[in-house]
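A.B. asks: Provided below are the primary sequence and the corresponding predicted coordinates.
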Amino acid sequence: MKVINVNPGILPIPPNGWGAVEKIIWDYHQEILKVGIRSEIKYLDDIKYDESMVVHVHVANLAIICHERGIPYIFSIHDHHAYLYGKDSDVFRKNLQAIENSVFSLSPCKYLIPYFGSKKLRYFSHAVNTDIFKFNGHQRRHVPRLLCVANNGYAYDQSIDRKGFKIAIESAMKLALPITIAGPSNNKNFFKTMSPEINGYTGLTKLFDLDEKWLVDLYNENDIFLHFSELEAGHPNLTLLEAMSCGLPIVGTFEDASYKGMYVTDRNLDNAVAGIKTVVGSFDQYQQDALNTANSNSYGIRVNELAKLYSEYREQIFANGIINHYQTSQQTLKEPKNKINISFLRGPKVEILGPVNKKYKVKFYDMDTNSVIYETTLRNNMWSVSNKRYFVKWKIEVYEVVNENWEMLIETRVLDLAKKSIKVVFDTNSLGDIISYIGTTDAFQKKHNCELTCVVFNTELVELFSKNYKNIKFSRTNDGDDNYYSTYYIGYYDQENWDGNMKKNPKHLSLALVAANILGLPEVEIPPSLNINPLKHNKKYVCIATQSTTQAKYWNNPNGWNLVVDYIKSKGYEVWCIDLHNSFGSGGKMNYMPAGAIDKTGKFPLEERMSQVAGAEFFIGLGSGLSWLAWGVHQKVILISGFSEEFAEFKNPYRVINKNVCHGCWNDASCIFDKSDWNWCPRNKDFECTKEIYPEDVIKMIDKII
């Protein structure tokens, strides 16, 4: 029997830096040789398969090529992106295909077994070389030293805190303990995103691009290993076992709450601090458990299990007659070449697939500015995606790097939406947001002459829009992106998520311009075109809406609504209150329908409610959904708001605000909205922004209209 581990062709083996898969392949190769089994590491194109071989593949794309060439194989899945991107993703389908076509497959974490749901997939955990990662006998220091070792982020965005560095540093700060963060230079991308307070913590040490010897020394120079990862394709992953092998207890996330030598917690600061305190208090026991766990997962033990798996592979091959099948099947092997896939789903993506080890340069251009937004270097079976998910008129150029002086242009792709299937998702359930987006989305379809599907998570609005916008197909469900040429998601994204989803921080935009900002249109308000028949009533009436979703949006003047209603009635109008609830609130604060208003609250059909508003003489409301509904039926709107700036909603000659008091926190990027706090008032001014808007201010606007 001869074992062939297939080289992915991305990094050297053994790796001279960071490279988990390459490290695993190298360790498998070294350990199998120790038990007397022949072992080689080869590129797939160099394998001339015969029945003496056991072929072990670690990348889905190469496993698929093995199957196409008639080579039976064992597949190990190491790719967390199959879980991250979900079962509708291409990466999930390719990994599942690799699993199903294998003799059998291995996963180093248990949660992927039910996730893929294949009978061929089984658990086989990572191992550690205890001859290299040795415990030097150190005891806990008087002031414990904390350590993280990881390559943070995801392939598409290395600024994302996948490994939990932030909570690790915050834990150290709270306990006034020193902490070291070590990993590849890629981690610098994450550190750039951290606040100066965290980044400048005096107890923080950052180390980059450690070799193996330096890493072993680093483990032994520290006391507790922190690992607050949100997603791993190995439980335990390699660094956990290496740290344990050097005598470090672990505090962090894990799929097994009873793992010995580790205090398992979640990504919560208080729980993390409690875990560190617990380990410090019982350090000797946690340290001994960690060493025992590492020893039980050492290659000295696991290599025998691996050898049994390779023997099982041979038995299955012969038992099923697979070898005979592949020997007698006529195989047509074409000259291998790489395939370049370019897509525009939530940002432009370039993927190089195939067995040929080549180097490519990829450039992402904005054609409107004729500038390079991003460029990178790829090899086969690698991909790159821009983090700009809003509309850009993209041009993609792919060059083959022939040598250091010659880059040959081999592929150009320009984004062209005409006649293509495009999807726009209204990434919200908010009535006002949806109404504000539809006019601009209609303009987008007409500009690009595309076959547009619009996903709207509101059944009544889907029915209403379908009747009024025949050029757009509407859907209530988001069915995945793969059937579309390009996709765009429109939402009022919060402070942490707007960059990449929008060109500008929405805090500095009118909600009426958010869709234009994302879809690449001029920032011009486009109210919806809806065929609504105004309600006919035997007496003139005015509609009001006094309720909202947080106390900051309310008109908090205690006498405001009652006096305004009295004034309108004195002019001979009825006043209809059209809120969903006649009383609403939270956090010890309830808000009631004004005395003297006619109670038209309740769950009315949306078109009936629109008809009521369209038939009124005018509408008075807050910075909330029903004001947008009134805007959507082209009604005159007196809008009372202090928590938002004047530009925050739609252009309006009847906007009421008091700029002489605290106001505009909603549009202040330093004020982070807490939707769990009903009484959110970030500057602690007790809602003076609207308490000091007086009935007379609103009545002045009423007089302009009547």
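C.D. replies: Great, that's in hand.
A.B. asks: Kindly list the main-chain dihedrals of residue 361?
C.D. replies: phi -110, psi 130 (degrees, to the nearest 10).
A.B. asks: Over to residue 242?
C.D. replies: Residue torsions, per degrees, to the nearest 10, at residue 242 are phi -60, psi -40.
A.B. asks: Any idea how many residues pack against residue 282?
C.D. replies: 13 (other C-beta atoms under 10 Å). Every residue, glycine included, has its C-beta placed from N, CA and C.
A.B. asks: Roughly how far does it sit from residue 125?
C.D. replies: From residue 282 across to residue 125, the span is 25 Å (C-beta to C-beta, to the nearest Å).
A.B. asks: do the same with residue 404
C.D. replies: 42 Å.
A.B. asks: repeat for residue 61
C.D. replies: If you go by C-beta to C-beta, the gap between residue 61 and residue 125 works out to 24 Å.
A.B. asks: who's more crowded, the two?
C.D. replies: Between residue 61 and residue 125, counting by other C-beta under 10 Å, residue 61 is the more crowded of the two (23 against 18).
A.B. asks: Tell me which residues touch that one, please.
C.D. replies: 94, 353-354, 381 (C-beta atoms under 8 Å, 6 or more residues apart in numbering).
A.B. asks: Farthest pair within these?
C.D. replies: 94 and 354 (13.1 Å; C-beta to C-beta).
A.B. asks: show me the contacts for residue 360.
C.D. replies: Residue 360 neighbours (C-beta under 8 Å, 6+ apart): 352, 377-379, 398-401.
A.B. asks: With residue 582 instead?
C.D. replies: With contacts taken as C-beta under 8 Å, 6+ apart, residue 582 has the following neighbours: 592-593, 599, 601.
A.B. asks: and those residues, which are buried?
C.D. replies: 593, 601 (16 or more other C-beta atoms under 10 Å).
A.B. asks: Can you add pLDDT and secondary structure and give the contacts of residue 582 back as CSV?
C.D. replies: Below are those laid out as CSV (pLDDT from 0 to 100; DSSP: H, G, I helix; E, B strand; the rest coil):
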residue, pLDDT, secondary structure
592, 95, strand
593, 96, coil
599, 96, strand
601, 96, coil
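A.B. asks: can you tell me how far residue 677 sits from residue 705?
C.D. replies: Distance of residue 677 to residue 705, computed by C-beta to C-beta: 36 Å.
A.B. asks: need the helix or strand of this protein with the lowest average pLDDT.
C.D. replies: Least confident helix or strand of the chain, by mean pLDDT, DSSP states H and E, is helix 322-328 with a mean of 43.
A.B. asks: related to what we said a few turns ago, among the contacts of residue 582, which one sits closest to residue 21?
C.D. replies: residue 601 (60.3 Å).
A.B. asks: sorry, back to before: out of the contacts of residue 61, who's the most crowded?
C.D. replies: residue 381 (21 neighbours).
A.B. asks: measure that one to residue 397 for me?
C.D. replies: Where residue 397 is concerned, residue 381 sits at a distance of 20 Å (C-beta to C-beta).
A.B. asks: do the same with residue 189
C.D. replies: 24 Å.
A.B. asks: So the two - more neighbours on which side?
C.D. replies: Using other C-beta under 10 Å as the criterion, residue 189 and residue 397 rank with residue 397 on top: 19 against 14.
A.B. asks: Quickly list what that one is bridged to.
C.D. replies: Counting by DSSP bridges, residue 397 is bridged to residue 363, residue 412.
A.B. asks: All the helices of the stretch 101-250 of the chain, in order from the start?
C.D. replies: 112-116, 165-175, 187-191, 196-199, 212-220, 238-245 (DSSP state H, counting those that start in this stretch).
A.B. asks: Please identify the most buried of those.
C.D. replies: helix 238-245 (a mean of 26; mean count of other C-beta atoms under 10 Å).
A.B. asks: next SSE after that helix?
C.D. replies: Moving toward the C-terminus from helix 238-245, the next helix or strand (DSSP states H and E) is strand 250-252.
A.B. asks: pLDDT averaged over that next one - what is it?
C.D. replies: The average pLDDT for strand 250-252 rounds to 94.
A.B. asks: For it, name the packing helices and strands.
C.D. replies: strand 224-227, helix 238-245, strand 262-264, helix 269-281 (3 or more C-beta pairs under 8 Å, 6 or more residues apart in numbering; DSSP states H and E).
A.B. asks: which one of the helices of the stretch 101-250 of the chain lies closest to residue 36?
C.D. replies: Nearest of these (C-beta to C-beta): helix 238-245, 24.8 Å.
A.B. asks: what angle sits between that closest one and helix 212-220?
C.D. replies: 60 degrees (axes from the mean of the first three to the mean of the last three C-alpha atoms, to 10 degrees).
A.B. asks: Just the residues contacting helix 238-245, thanks.
C.D. replies: 20, 23-24, 126-128, 130, 133-135, 147, 149-150, 215, 219, 225, 227, 236, 250, 252, 261-262, 290-291, 293-295, 297-298.
A.B. asks: ok, now with 7 Å
C.D. replies: The contact list for helix 238-245, computed with C-beta atoms under 7 Å, 6 or more residues apart in numbering, reads 20, 23, 126, 128, 130, 133, 135, 149-150, 219, 225, 227, 250, 261, 290-291, 293-294, 297.
A.B. asks: One more: stretch 143-161?
C.D. replies: With C-beta under 7 Å, 6+ apart, stretch 143-161 has contacts from 18, 81, 84, 162-163, 165, 168, 172, 177-184, 186-187, 189-190, 193, 215, 218, 222-226, 239, 248, 280, 385, 387.
A.B. asks: which SS state does residue 374 fall under?
C.D. replies: Using DSSP: H, G, I helix; E, B strand; the rest coil, the structure places residue 374 in strand.
A.B. asks: now it: how far from residue 521?
C.D. replies: The value you get for residue 374 to residue 521, if C-beta to C-beta is used, is 23 Å.
A.B. asks: Of the helices of the stretch 101-250 of the chain, which is nearest residue 496?
C.D. replies: helix 165-175 (11.7 Å).
A.B. asks: Quick one: distance of the closest one to the chain centre.
C.D. replies: Distance of helix 165-175 from its chain centroid, counting by C-alpha atoms, centre = their mean, to the nearest Å, is 23 Å.
A.B. asks: Next: stretch 116-133.
C.D. replies: 27 Å.
A.B. asks: first vs last residue of that stretch, how far apart are they?
C.D. replies: Criterion C-alpha to C-alpha, to the nearest Å; first-to-last residue distance in stretch 116-133 is 33 Å.
A.B. asks: No more questions from me, cheers.
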